[in-house]
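K.L.:
with the input below, show me the fold.
(chains A and B, ligands or ions: 1)
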Amino acid sequence: MEIAANDISQTLCQSVAEAAGLGRPLQLCGSGSKEFFGRRATGTRLDLTAHRGVINYEPRELVITVRAGTRLAELESLLAAEGQMLAFEPPHFGPSATLGGSAACGLSGPRRPYAGALRDFVLGVTLINGRGERLRFGGEVMKNVAGYDLSRLMVGAMGSLGLLLDVSLKVLPLPETERTLVQACTEEQAIERMNRLAGTPLPLTGAVYDGLQLYLRLSGSEPGVVAAQTRLGGEVLADGSGFWRRVRELEHPFFDSSSANGPDNGRPLWRLSISPGSPPLGLPGRQFIDWGGAQRWLIIEQPGEQPTEQLAERLRAVAVQHGGHAQLFRGGDRNGAVNHPLPGPLMQLHQQLKLAFDPQGIFNPGRLYPEF
Amino acid sequence: MDHTPRVNPSVDPSVDKPGLIKALRQILPAQRILHEREALRPYECDGLSAYRQVPLLVVLPDDAEQVRRVMQCCHERGVPVVARGAATGLSGGALPLADGVLLSLARLNRILHIDPLNRTARVQPGVRNLAISQAVEGLELYYAPDPSSQIACTIGGNVAENSGGVHCLKYGLTVHNVLQLKLVTAAGELVTLGAEALDAPGFDLPALLIGSEGMLGIVVEVLVKLLPTPERAQVLLAAFDDVSKAANAVGDVIAAGIIPAGLEMMDGLAIRAAEDFVHAGYPVDAEAILLCELDGANEEVSAHLARVRQQLLDSGATEVRTAENEEQRALFWKGRKSAFPAVGRISPDYYCMDGTVPRKRLAEVLLETSRLSAHYQLPVANVFHAGDGNLHPLILYDANRPGELKRAEDLGAEILELCVRVGGTITGEHGVGHEKIHQMCVQFNAAELAQFHAVKRAFDPHGLLNPGKAVPQPRHCSEYKALGSDTLTPPSARDQDARDQDARDHGA
Ligand SMILES: Cc1cc2nc3c(=O)[nH]c(=O)nc-3n(C[C@H](O)[C@H](O)[C@H](O)COP(=O)(O)OP(=O)(O)OC[C@H]3O[C@@H](n4cnc5c(N)ncnc54)[C@H](O)[C@@H]3O)c2cc1C
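P.N.:
Model prediction:
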């Protein structure tokens, strides 16, 4: 197999050690599909896509270990051939998206509230720290509490703590069948219904509201899904899987005006991650509700008089009031405060952790927060 | 006398005890500070009672603010602190330090808020695991991780160990079921990690804290996720005349595309001990049994039951029984959940291991374990989370027979190293604690251990939280590797010295 040929970890270790020696920042780059996300990073680009390939896949073990440069699409089709899947339904945001980029960004799709997030499926990683040392944490077994869980810590750290070489993930069987039910209702009714149903034993794996209709996805064995469908009522959506793919990829028409291909280079797209049962937020603009109420997408078409920073403050305040945070997901000023600011003591912990992994501050400086 | 290696040697071993008591009395009522020998005695060990150490003081705060001030006080004085929940831990994680404060979280035992719509419960760390599920039973909700110790162990201890249970195959470990933590740092600062939402800005600090064994902070509040009680749960009991067949059946069931809610295995010795103890109705002539629980919607469970039953028979089960009613289901599980104490009845002492291996290596590891058991002349009973590959060999020994504890430890060490060799880990859910500190040197290299220490320093620069546990010093590992486990004095052999010294120190 080509597996040995595509191991460039030696070279990467050297590049990192060299950069550390010179104190020269590096931008860790996958395919670039998520470059829009997070803050704009500085530093010399280090391409990781050549470090690719499946190191180990044993369907019976429900585990796959792949190099970080492996394409997500390739990985998913490999799993599908064995009747398995990545249950966190990661968004790709491009045909060449890599697993490493997905892990660093820590993004999960509509199945997230029911099956778990990307971090929930991480069993282990191999990484290069800011000293150029190659380290392995976790492993390929389902349970492992030896040492601190540094594998999960990498997820969502935007490459600021380490360069991911490979990731071991737990995979799950594909559901036998899936069905999407649609029902018109108000926002208030949708939120109430999503949350009430999530508290009952239904095979629910997706719940979104597009401003007009509530979409519920059921997954599982045929008799289980049929029984749930009978109980819930509503119309069956013809192209269910297409619908959920568009929601996952932010390609649903709701998001059109926020896309880079849209007018004005795209309106800013805000993401409010809040407690799922939070009532309608009463904010200006249009909203799309995913994650059974826990993820609210917001686009403000007519910004009006309000200066951007004031608007950001308002969104953050509303999110905090509902137990969460607001993030400028796409568009807007990528050099600004795109991620929700951290309280002082928490920022201090972040900076100390950054130092613990990357004492020279060479990995993706500024990508997560301007402070590190 | 201190029998655990220190993270930071700058900790002053000669603590001014009267001065410390005086300072603590500014924070807590006098009766919440225990300092007399007899009062301290009950706190000398956790569930791994082979290792004992009476602490300098025990402090029993009533709320998070007191915890914060106690930590501040100890920080100012450079006094190390060990947190303690219910002390059911099996790795000596809550083993006290002779010159340190033992901080009991047991009195922080209130359920603060239950939110049915958002399906969460906000609880203090001293709340018992089972108490959460009991409190939300009327809402048809429950807290999923269910360690066998759940009637006693605390949620704070669960967080510290990332505890699992018999249902974590499908519903995950503590890390998958906790949304937010409030943490008091070593310096006595209160920080909130995670959110009421499904994620939080910045690093995933709940993931880092969960399973950190009380080394990075004191957990003073936990927001847990609640799940809907399944419409139906049904358990199958499959009997096998051969341990390897049972072990291989585990992989076969999962390969069939079904994730059971729980998939547990017991070997002959464990079956008979449990049957004598709780009369669960187990087949006592079997060499192994699997308990396989399926849950979900009624129709789904029916469909899966038929398939799993057939799979178990195809994998060589001699008999497959379905629990006929809820009582029988509860009884099947009771036998499993009481297996440790049941084994405790047939042997003066037992030593529980916790290695995890890939499922496909289960049969081979069980076989090798029984070979080692014969070699060391100590019986081993197996009762474990088979679906996760998480083994719990229980080594039976008698501490009163000279040399037996040492032999049990050596056998245990060999089993753990075997687990690492086949691609597994030395601990799946019980933690490293004091116990498995040597074996950490086998699983991690010097650079990896150094990275752990660097993370520890980010939270606790002076090494005051549970020093000496969980992560060995590189020096310690080079000694271990150079000398081999036989010649390096194991912690327990020094244990008696420690107790004698301790007694002298306190004039007992
Ligand atoms: C019969 C038996 C069966 C068991 N079965 C299982 C099982 O099925 N699955 C499983 O995972 N475990 C099991 N265990 C192990 C044990 O019950 C768990 O590790 C449990 O989580 C420990 O909780 P505790 O409250 O007793 O913690 P303790 O033993 O008191 O402490 C454990 C660790 O947590 C730290 N700690 C405690 N509270 C806090 C806090 N608030 N903040 C920071 N650190 C803290 C302590 O310092 C220590 O390091 C079993 C134990 C027994 C005796």
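
K.L.:
domains for the chain, by residue range?
P.N.:
Defaulting to chain A. Per automatic domain parsing, the domain ranges recorded for chain A read A:9-173, A:177-248, A:253-330.

K.L.:
other chain: chain B
P.N.:
According to automatic domain parsing, chain B comprises the domains B:17-107, B:111-228, B:232-342, B:348-487.

K.L.:
does the first one reach the ligand?
P.N.:
Yes. Interface with the ligand: domain B:17-107 contributes B:46-47, B:82-90, B:93-94, B:105 (Cβ under 6 Å from any ligand atom). C-betas here are computed from N, CA, C, even on glycine.

K.L.:
determine which two of those residues are furthest apart.
P.N.:
The widest separation within the residues of domain B:17-107 next to the ligand, taken as Cβ to Cβ, falls between B:Leu90 and B:Leu105 and amounts to 18.2 Å.

K.L.:
how far away is the residue in the stretch 351-500 of chain B that the ligand sits nearest to from A:Ala146?
P.N.:
Across the stretch 351-500 of chain B, the shortest distance to the ligand (Cβ to the nearest ligand atom) belongs to B:Glu429, at 3.4 Å. Distance, B:Glu429 to A:Ala146, using Cβ to Cβ, to the nearest Å: 11 Å.

K.L.:
centroid-nearest residue for the chain?
P.N.:
Defaulting to chain A. A:Leu107 (0.2 Å; Cα atoms, centre = their mean).

K.L.:
if you could check chain B rather than the one you did, that'd help
P.N.:
Nearest to the mean C-alpha position of chain B, by Cα atoms, centre = their mean, lies B:His430 at 2.9 Å.

K.L.:
looking at chain B, which helix or strand does the model trust least?
P.N.:
The helix or strand with the lowest mean pLDDT-type score in chain B, counting by mean pLDDT, DSSP states H and E, is helix B:495-505 (a mean of 39).

K.L.:
can you pull the contacts of A:Leu355?
P.N.:
The contact partners of A:Leu355, taken as Cβ atoms under 8 Å, 6 or more residues apart in numbering or on different chains, are B:Ala458.

K.L.:
name the element it belongs to?
P.N.:
helix A:344-357 (DSSP states H and E).

K.L.:
is it true that the residue nearest to the centre of chain A touches A:His92?
P.N.:
No. In this structure A:Leu107 lies outside contact range of A:His92 using Cβ atoms under 8 Å: 9.5 Å.

K.L.:
output the helix holding A:Leu355 in CSV with nothing but the alpha carbons.
P.N.:
The C-alpha trace of helix A:344-357 is given here as CSV (Å, rounded to 0.1, in the frame of the first residue of the first chain):
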residue,chain,number,x,y,z
GLY,A,344,-9.7,36.9,32.6
PRO,A,345,-8.9,33.8,34.6
LEU,A,346,-10.0,31.5,31.8
MET,A,347,-7.9,33.4,29.3
GLN,A,348,-5.0,33.1,31.6
LEU,A,349,-5.4,29.3,31.7
HIS,A,350,-5.6,29.3,27.9
GLN,A,351,-2.3,31.2,27.7
GLN,A,352,-0.6,28.9,30.2
LEU,A,353,-1.8,25.8,28.3
LYS,A,354,-0.5,27.3,25.1
LEU,A,355,2.9,27.8,26.7
ALA,A,356,2.8,24.2,27.9
PHE,A,357,2.5,22.9,24.3
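
K.L.:
only the buried residues of that helix, if you could.
P.N.:
A:Leu346, A:Gln348, A:Leu349, A:His350, A:Gln351, A:Gln352, A:Leu353, A:Lys354, A:Leu355, A:Ala356, A:Phe357 (16 or more other Cβ atoms under 10 Å in any protein chain shown).

K.L.:
now render these as JSON lines, adding pLDDT.
P.N.:
JSON lines is the format used below for the buried residues of helix A:344-357 (pLDDT from 0 to 100):
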{"residue": "A:Leu346", "pLDDT": "97"}
{"residue": "A:Gln348", "pLDDT": "97"}
{"residue": "A:Leu349", "pLDDT": "98"}
{"residue": "A:His350", "pLDDT": "98"}
{"residue": "A:Gln351", "pLDDT": "98"}
{"residue": "A:Gln352", "pLDDT": "98"}
{"residue": "A:Leu353", "pLDDT": "98"}
{"residue": "A:Lys354", "pLDDT": "98"}
{"residue": "A:Leu355", "pLDDT": "98"}
{"residue": "A:Ala356", "pLDDT": "98"}
{"residue": "A:Phe357", "pLDDT": "98"}
